[in-house]
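*Asks:* pasting the sequence and the predicted coordinates here, then a few questions.
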Amino acid sequence: MRKVHADATAALAGVLKDDMTVMAGGFGLCGVPDVLIGAIRDSGVKGLTVISNNAGIDGAGLGLLLETRQIRKMISSYVGENKLFAQQYLAGELEIEFNPQGTLAERIRAGGAGIPAFYTKTGYGTLIAEGKETREFGGEHYVMETGLVADLAVVHAWKGDSEGNLVYRKTARNFNPMMATAARVTVAQVENLVEPGEIDPDTIMTAGIFVKRIIHTPQAEKRIEQRTVRKRAA
Amino acid sequence: MRKVHADATAALAGVLKDDMTVMAGGFGLCGVPDVLIGAIRDSGVKGLTVISNNAGIDGAGLGLLLETRQIRKMISSYVGENKLFAQQYLAGELEIEFNPQGTLAERIRAGGAGIPAFYTKTGYGTLIAEGKETREFGGEHYVMETGLVADLAVVHAWKGDSEGNLVYRKTARNFNPMMATAARVTVAQVENLVEPGEIDPDTIMTAGIFVKRIIHTPQAEKRIEQRTVRKRAA
Amino acid sequence: MAWTREQMAQRAAKELRDGFYVNLGIGIPTLVSNYIPDGMSVQLQSENGMLGMGPFPYEGEEDPDLINAGKQTITELPTTSYFSSADSFAMIRGGHIDLSILGAMQVAENGDLANWMIPGKMVKGMGGAMDLVAGVKKVVVVMEHSAKAKDGSVSPKLLKSCDLPLTGARVVDLVITDLGVFSIDKAGSGGMTLIALAEGVTEDAIRAQTEAAFKVALDGSARKAA
Amino acid sequence: MAWTREQMAQRAAKELRDGFYVNLGIGIPTLVSNYIPDGMSVQLQSENGMLGMGPFPYEGEEDPDLINAGKQTITELPTTSYFSSADSFAMIRGGHIDLSILGAMQVAENGDLANWMIPGKMVKGMGGAMDLVAGVKKVVVVMEHSAKAKDGSVSPKLLKSCDLPLTGARVVDLVITDLGVFSIDKAGSGGMTLIALAEGVTEDAIRAQTEAAFKVALDGSARKAA
């Protein structure tokens, strides 16, 4: 019960500071902790390094923090679909470190799992490997990548209990589970908040140990980036 | 449907060969693919290297393959509770490579995830680090450990569908999910076999892509190694 | 007559085998899902955390929690499973996906692939492309044979060596363009081989639009070997 | 009067804090779960894949699929979650467990710990002990102060340096024996400090049974600093 906070501002109290590193879950606009991102914006904290697969779109997701120029650096795999990002980047106001998506996901998992570095084939022979150690194992070439940790992780889940146990829904899972493990403080927003024991313990995807604070966001708005449909057969 | 086989012998047909490496799921006698291990025994295949956290007990689990001297080498973290193991080891008939339990679990995950090596603090400054590379990251010492792969993995699940999607139950999950990803051929025995679509896709723990063959073992015997109980209040 | 986008997708679909797990990139590769032969079991992986990807939803049935790697709304199937991005790329990196079909800006005769950035232009990032080409068992590129610039100029995309930054070194097994099909011996020194021509396209027409050196083996056996 | 096993467990329970996630080893450490103060939220981790471990089941309610790391049948709680061994040790290795309480054969004054093998005797393996001592934030050892051999001989277990193969180098923060409590400056050069005595046990009695050098700071402030 002590983990449950009244709202996003309360859940982030005492955690935010300028120049901190923040992980934000989500892929595109799916599974993005938008309420928590909104509260980070409202706090005015700045100089952030944000680790997130994407950078939101204009007016949504991390786009909110770009508008207010609170982000100094992004560590991402893909930042298309965001004009503000392009402007700030070209003006030299925003740094970007690109990571292959799987390397990014694994670096975050490694950070949470106490693994300071690992080897992957991904990116060998490309720009991504420049300045990184490479090494042969079994005649194949690999790049050494390091674990990532953050001061704060904000994640979005479908369901959570007051112990911090979380369940994600469909492809809104994406980066949220690893990020929940890789920060000093993890704050979760959950669409459904239940009592301990109400979630089948075999189906819990993030154990409560990883979640320090939790808020109930039943009304979280869900946006669709690319609405694609098929016609019904007549 | 093509993945479902009539019995363990059929599911292992064409896969077994002398001197192969086999991963076997389970912790103690919990979540052990006992029916598949029985079929490996019956096949008479020998010279096996077996990767499994434990070595069963006399008469159960991998104990079956020790009785018939089909195992040449074990890669494990703990092999107590097995007299036959001790005898064969002391007689020089059996090799053992000890791995810290978490290192073993992570080596198997790495093998399945295309990661040839990673660094861990575990075992630094101990016998386990001898002959291995060590390295400092951020002022802390780490040991380099390599990924493990096998020719065959045998796993036990609570539920599975004909696509190979698996769900494990309680602490019978243990090493089964990683092993399912780290072998050229993974064969699963499931207590409940259902049709695709009957398992909530958010709760699937091993995606069907990892499981080549599956058998239905509704009658799988479950043994308890240490039966411990408490008294009811009078 | 060069192949249409649909014909290129149809040709790519010939690389599918029963029981395959396949990742399809954005654009023409997505169309390949329309040509999976009846009775063949092929599961599509979406690297944002899904196996068993279904078609687009009917209007009004879109689920914001269910999108593919191109951020498009999709549906699930009875075979579907969901997992995290780390597990998804463990699947990809670990060599569990049989086939990746994706687009390209340039392909070199040794299998080098460039499809993620043009220096001097705004860089959007590589997304999952580098992981896919490094980890998937077989990589098939489907692309226009030549690049047409806005000013009307045409430049070859099959090159001796890529001049754009690479997505992966020695990663492409097969290239399907609107003019024909090329196999690449990415692990060895066999280079690139033209193994099929689009109907009505001549070897000479292809040579005129190709910088890469290539052998020709249009008989069925070579095609099969690819 | 030396402490009993129960008293040692009681003393170890003083290291618990509200909200802690704790891993308990086999033997005396297991008893610590009987002394969690009322109203304090402490979740027990079992490294075979469970958080929120409950008590032993009532007779007849044992579940073969639900065991702890000692292979004993246990029960679940409303707070329980299950996960794989890889995820369990990611939790341990990643520093998410606050406290590990475990037994030992030997502890050295620099925090070295030996508890998994005796050369020349049959080796059973280290199980999860090496991972726990390397990964958990605070490591507390609970053990008899001295080893009594079958022939009646007594040998110290708190040593200048361990002669048995190590489980971990510089990993122990606190040692609770039947005679007293010692803190260890494992990261620095502060060595071992006696911070508490069992009722009726003298400093001299402890010195007689201890090979390790140790400072003494029995006042409350030093105890708090431990």
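*Replies:* Received the coordinates, thanks. Residues are numbered from 1 along each chain as shown, chains lettered A, B, ... in the order given.
*Asks:* neighbours of C:Gly54, how many?
*Replies:* 17 (other Cβ atoms under 10 Å in any protein chain shown). Where you see a C-beta, it was placed from the backbone N, CA and C, and this is true even at glycine.
*Asks:* how close does it get to chain A?
*Replies:* The spacing between C:Gly54 and chain A, counted by Cβ to the nearest Cβ, to the nearest Å, is 10 Å.
*Asks:* same deal with C:Ala147?
*Replies:* Counting by Cβ to the nearest Cβ, the gap from C:Ala147 to chain A is 20 Å.
*Asks:* pretty sure that residue sits against C:Met105.
*Replies:* Yes. If you go by Cβ atoms under 8 Å, C:Ala147 and C:Met105 touch, sitting 7.3 Å apart.
*Asks:* where are the low-confidence patches of the chain?
*Replies:* All of this refers to chain A. For chain A, applying pLDDT under 70 flags the ranges A:1, A:234.
*Asks:* hmm, no, I was thinking of chain C.
*Replies:* In chain C (pLDDT under 70), the answer is C:220-226.
*Asks:* show me which residues of chain A sit near chain B.
*Replies:* A:106, A:110, A:113-121, A:137-138, A:140, A:142, A:146, A:167-170, A:173, A:200-203 (Cβ under 8 Å from any Cβ of the partner chain).
*Asks:* which neighbours do C:Ala147 and C:Met105 share?
*Replies:* Shared contacts of C:Ala147 and C:Met105, defined by Cβ atoms under 8 Å, 6 or more residues apart in numbering or on different chains, comprise C:Lys157.
*Asks:* please say which of these two ends up with more neighbours.
*Replies:* Neighbours were counted for C:Ala147 and for C:Met105 using other Cβ under 10 Å; C:Met105 has more, 17 against 13.
*Asks:* quick one: the residue sitting furthest away from the middle of chain C and chain B, what's the gap?
*Replies:* Computed with Cα atoms, centre = their mean, the residue of chain C farthest from its C-alpha average is C:Gly60, at 31.1 Å. Separation of C:Gly60 from chain B (Cβ to the nearest Cβ) stands at 22 Å.
*Asks:* packing partners of the host helix or strand of A:Met74?
*Replies:* Using DSSP states H and E, A:Met74 sits in strand A:71-76. Identification of packing neighbours for strand A:71-76 by 3 or more Cβ pairs under 8 Å, 6 or more residues apart in numbering or on different chains; DSSP states H and E yields strand A:48-51, strand A:95-98.
*Asks:* which of those sits closest to chain D?
*Replies:* strand A:48-51 (16.3 Å; Cβ to the nearest Cβ).
*Asks:* and for residue 195, the neighbour number?
*Replies:* Just so you know, I chose chain A. For A:Glu195, using other Cβ under 10 Å, the count is 11.
*Asks:* not what I meant, chain C
*Replies:* Neighbourhood size, C:Ile195 [other Cβ under 10 Å]: 24.
*Asks:* what distance separates the helix or strand it falls within from the centre of its chain?
*Replies:* Using DSSP H and E, C:Ile195 maps to strand C:191-197. Centre-to-centre, strand C:191-197 and its host chain are 16 Å apart (Cα atoms, centre = their mean, to the nearest Å).
*Asks:* do stretch C:36-50 as well
*Replies:* That offset, for stretch C:36-50, works out to 15 Å (Cα atoms, centre = their mean).
*Asks:* what of stretch C:47-64?
*Replies:* 21 Å.
*Asks:* first-to-last residue distance for that stretch?
*Replies:* End-to-end distance for stretch C:47-64: 17 Å, by Cα to Cα, to the nearest Å.
*Asks:* what comes up buried for it?
*Replies:* Buried positions in stretch C:47-64, judged by neighbour count with 16 or more other Cβ atoms under 10 Å in any protein chain shown: C:47-54, C:56-57, C:62-64.
*Asks:* for A:Arg107, list the residues it contacts.
*Replies:* If a contact means Cβ under 8 Å, 6+ apart, then A:Arg107 has A:99, A:145-148 as its contacts.
*Asks:* so the closest residue to it other than its chain neighbours: helix, strand or coil?
*Replies:* Residue nearest to A:Arg107 in three dimensions, not counting chain neighbours: A:Leu148, with 4.4 Å by Cβ to Cβ, 6 or more residues apart in numbering or on different chains. Recorded secondary structure, A:Leu148: coil (DSSP: H, G, I helix; E, B strand; the rest coil).
*Asks:* report how many residues lie close to C:Lys160.
*Replies:* Neighbour tally, C:Lys160, other Cβ under 10 Å: 14.
*Asks:* with the one 4 residues further on instead?
*Replies:* For C:Leu164, the count of nearby residues is 18 (other Cβ under 10 Å).
*Asks:* list the contacts of it.
*Replies:* Counting by Cβ under 8 Å, 6+ apart, C:Leu164 touches C:105-106, C:114, C:117-119.
*Asks:* how about a cut-off of 10 Å?
*Replies:* By Cβ atoms under 10 Å, 6 or more residues apart in numbering or on different chains, the contact set of C:Leu164 is C:104-106, C:112-119, C:157.
*Asks:* top of those by number of neighbours, please.
*Replies:* Result: C:Leu113 is most packed of the contacts of C:Leu164 (other Cβ under 10 Å), 29 neighbours.
*Asks:* list the beta-bridge partners for that one.
*Replies:* Beta bridges link C:Leu113 to C:Val107, C:Gly168, judged by DSSP bridges.
*Asks:* for C:Arg93, which non-adjacent residue is spatially closest?
*Replies:* In space, and not counting its chain neighbours, C:Arg93 is closest to B:Gly114: 3.4 Å by Cβ to Cβ, 6+ apart.
*Asks:* could you look up the SS state of that neighbour?
*Replies:* Following three-state DSSP, we place B:Gly114 in the coil state.
*Asks:* contact partners for it?
*Replies:* Applying Cβ under 10 Å, 6+ apart, one finds that B:Gly114 lies in contact with A:102, A:106, A:119-122, A:140, A:142, B:147, B:149, B:181, C:89-96, C:131, C:134-135.
*Asks:* try it again at 7 Å.
*Replies:* Contact partners of B:Gly114, counting by Cβ atoms under 7 Å, 6 or more residues apart in numbering or on different chains, are A:120-121, C:93-95, C:135.
*Asks:* which residues of chain C lie near chain B?
*Replies:* Applying Cβ under 7 Å from any Cβ of the partner chain, one finds that chain C approaches chain B through C:19, C:21, C:51, C:76, C:78-83, C:90-91, C:93-96, C:135.
*Asks:* what about A:Val154, distance to chain C?
*Replies:* Look at A:Val154 and chain C: by Cβ to the nearest Cβ, they are 16 Å apart.
*Asks:* of the helices and strands packed on strand A:71-76, which stretch is the most buried?
*Replies:* Highest mean neighbour count of these: strand A:48-51, a mean of 24 (counted as mean count of other Cβ atoms under 10 Å in any protein chain shown).
*Asks:* who does the helix or strand following it touch, helix- and strand-wise?
*Replies:* Next helix or strand after strand A:48-51 toward the C-terminus (DSSP H and E): helix A:63-67. With contacts taken as 3 or more Cβ pairs under 7 Å, 6 or more residues apart in numbering or on different chains; DSSP states H and E, helix A:63-67 sits against helix A:34-43, helix A:83-90.
*Asks:* does the longest one come close to chain C?
*Replies:* No. On the criterion Cβ under 7 Å from any Cβ, helix A:34-43 is out of touch with chain C, staying 11.3 Å away.
*Asks:* now do that helix and strand A:71-76, the angle between them.
*Replies:* 160 degrees (axes from the mean of the first three to the mean of the last three Cα atoms, to 10 degrees).
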